[in-house]
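Q: below is the sequence, then the predicted model.
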Amino acid sequence: MSVFHLHSSHDHSSSGSMRFLRLEADEGALRVFVWSFLILALTAAFEIVISLVSGSVSLLSDAFHNVADALTGVPLWLAFFLGRKKPTARYPHGYGKFEDLAGVMIVSLVLLSSAFSITRSFGKFLHPQIFLHPGWVALASVTGFIGNEAVALLRIRAGRRTGSVSLVADGQHARVDGLASLSVLAGVAGSVTGHPLWDPLVGFFLGFVIFLIGIRMARDVGIHLSDGIEPGVLETIRQAAGDGPGIREVSRVRARWMGHCMRCDVLMVLDGPISFQESRRLAREAEDRIRKVLPFMEEVLVVVEPPYEEGDSTAFPSGNAGSEDQEPGKDETHQ
């Protein structure tokens, strides 16, 4: 007979303090959204004014992309806010997936800004003209770089603290945008030297870069929405869980993201029969090791199974634990 001892993070003494730390991190992320919105909104407003006065299409493309970037903070802020709510009967796993839905909205905004940049640049390419006030356009370009780099630093640091892939990706996106803002200087050089086509060509370049960013973000968000996991995570969990005395093997590991937090379940096969209290101790130690290597692990479920003999039909074969062929509730005891 296979006896299961289940240990969840809900009854672990450290879970309360870890939830408090995550709450503190979420509070920090919410502040980042506010500051990011303000910085990008002011940067975009300055660029829009200069682009309208000068007629630079590349600067206007960069400005509208910064507007889109500022608006991306709104769905992420809402997702983080909902993610702090407790699970309900309708949402028993909580609201973490709303962060991935926010990622879909962000990707849509990025792709729309790409389409706008390319469309406006095409019109200027057909009807090229030298824009005015190149010095102010150059200043706006540098301002766009500084604003985006500041937002990139804020978002990447907050994303790494909270384990939010969406927030880190958004920060990396802002960093690329900062470099793209500097490309407006090529249009300035074209205006000064009498090459009006340089400005729309830079606009095309910005639109294409924005499109590539959107595609990469769509891939990352799609992986999370479909419960995909980054390469190496399962092996990290397996090694951490099995790195203790009295454990013969870790025969099953599963993990998934819920927003910027991770959940996993592990099946461990022991070296020999032990008491119930001893099995709970091993489960707690395995959970601690997993949390040590993956600090953003929200819930850990450790299933401990006694050793099985060759030909024992009631035991799970290695590597196929918990398969669909096993009838739940048969020959197993849950604690």
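A: Nice, thanks for sending it over. Numbering: from 1, shown residues only.

Q: secondary structure class for Met268?
A: Following DSSP: H, G, I helix; E, B strand; the rest coil, Met268 is assigned to strand.

Q: surely it touches Ile247?
A: Yes - the pair Met268 / Ile247 is scored as a contact, 5.3 Å apart, by C-beta atoms under 8 Å. Backbone N, C-alpha and C define where each C-beta goes, glycine included.

Q: compare the two and say which one has the larger neighbour count.
A: Per other C-beta atoms under 10 Å, whichever of Met268 and Ile247 has more neighbours is Met268, with 26 against 17.

Q: do a quick rundown of the strands in the stretch 201-335 of the chain.
A: Along the stretch 201-335 of the chain, counting by DSSP state E, counting those that start in this stretch, strands occupy 247-258, 261-270, 297-305.

Q: the last one packs against which elements?
A: Strand 297-305 is packed against strand 5-8, strand 247-258, strand 261-270, helix 276-293, with contacts defined by 3 or more C-beta pairs under 8 Å, 6 or more residues apart in numbering; DSSP states H and E.

Q: what do Met268 and Ile247 both touch?
A: Counting by C-beta atoms under 8 Å, 6 or more residues apart in numbering, the residues touching both Met268 and Ile247 are Ala241, Leu282, Ala286.

Q: ok, for the last one, nearest residue in space, not its chain neighbours?
A: The spatial neighbour of Ala286 that comes closest, neighbours along the chain excluded (C-beta to C-beta, 6 or more residues apart in numbering), is Ala241 at 4.5 Å.

Q: so which bits of stretch 214-228 are buried?
A: Across stretch 214-228, burial judged by 16 or more other C-beta atoms under 10 Å covers Gly214, Arg216, Met217, Ala218, Asp220, Val221, His224.

Q: now those residues as CSV including distance to Ser117?
A: Converted to CSV, these look like this (distance: C-beta to C-beta, whole Å):
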residue, distance to Ser117
Gly214, 11
Arg216, 17
Met217, 16
Ala218, 18
Asp220, 22
Val221, 21
His224, 27
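
Q: can you list those in TSV and add pLDDT and distance to Glu99?
A: Formatted as TSV, the buried residues of stretch 214-228 follow (pLDDT from 0 to 100; distance: C-beta to C-beta, whole Å):
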residue	pLDDT	distance to Glu99
Gly214	82	18
Arg216	84	18
Met217	80	13
Ala218	86	15
Asp220	82	12
Val221	83	10
His224	81	8
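
Q: tell me which of the residues you listed is nearest to Ser181?
A: Checking those against Ser181 by C-beta to C-beta gives Gly214 as the nearest, at 17.3 Å.

Q: list the contacts for the closest one?
A: Here Gly214 is in contact with Val107, Val110, Leu111, Ser114 (C-beta under 8 Å, 6+ apart).

Q: surely the last one is in contact with Gly207?
A: Yep, that's Ser114 we're talking about. Yes - contact status for Ser114 versus Gly207: in contact at 5.1 Å, counting by C-beta under 8 Å.

Q: sec struct for Gln129, please.
A: Looking at Gln129 with three-state DSSP, the answer is coil.

Q: where does the prediction get shaky in the stretch 101-250 of the chain?
A: Applying pLDDT under 70 to the stretch 101-250 of the chain flags the ranges 162-166.

Q: who touches stretch 83-97?
A: The contact list for stretch 83-97 (C-beta under 8 Å, 6+ apart) reads Leu23, Asp26, Ala79, Leu82, Phe98, Glu99, Leu225, Trp257, Met258, Gly259, His260, Cys261.

Q: which one of the residues you listed is nearest to Phe131?
A: Distance to Phe131, by C-beta to C-beta, is smallest for Ala79 among these, at 39.3 Å.

Q: tell me which element the closest one is part of?
A: helix 57-83 (DSSP states H and E).

Q: for that helix, list every residue counted as buried.
A: Buried residues in helix 57-83, counted by 16+ other C-beta under 10 Å: 57-73, 75-80, 82-83.

Q: out of the shared contacts of Met268 and Ile247, grab the one that's most surrounded.
A: Ala241 (26 neighbours).

Q: so what's that residue up against?
A: Ile247, Val250, Val253, Val266, Met268, Ala286, Arg289, Ile290, Val302.

Q: any idea how far Val300 is from it?
A: 9 Å (C-beta to C-beta, to the nearest Å).

Q: what sits in contact with each of the two?
A: Contact criterion C-beta under 8 Å, 6+ apart; residues shared by Ala241 and Val300: Val266, Ala286, Ile290.

Q: tell me how many other residues crowd the first one.
A: Same thing as Val266. Counted with other C-beta under 10 Å, residues neighbouring Val266 total 27.
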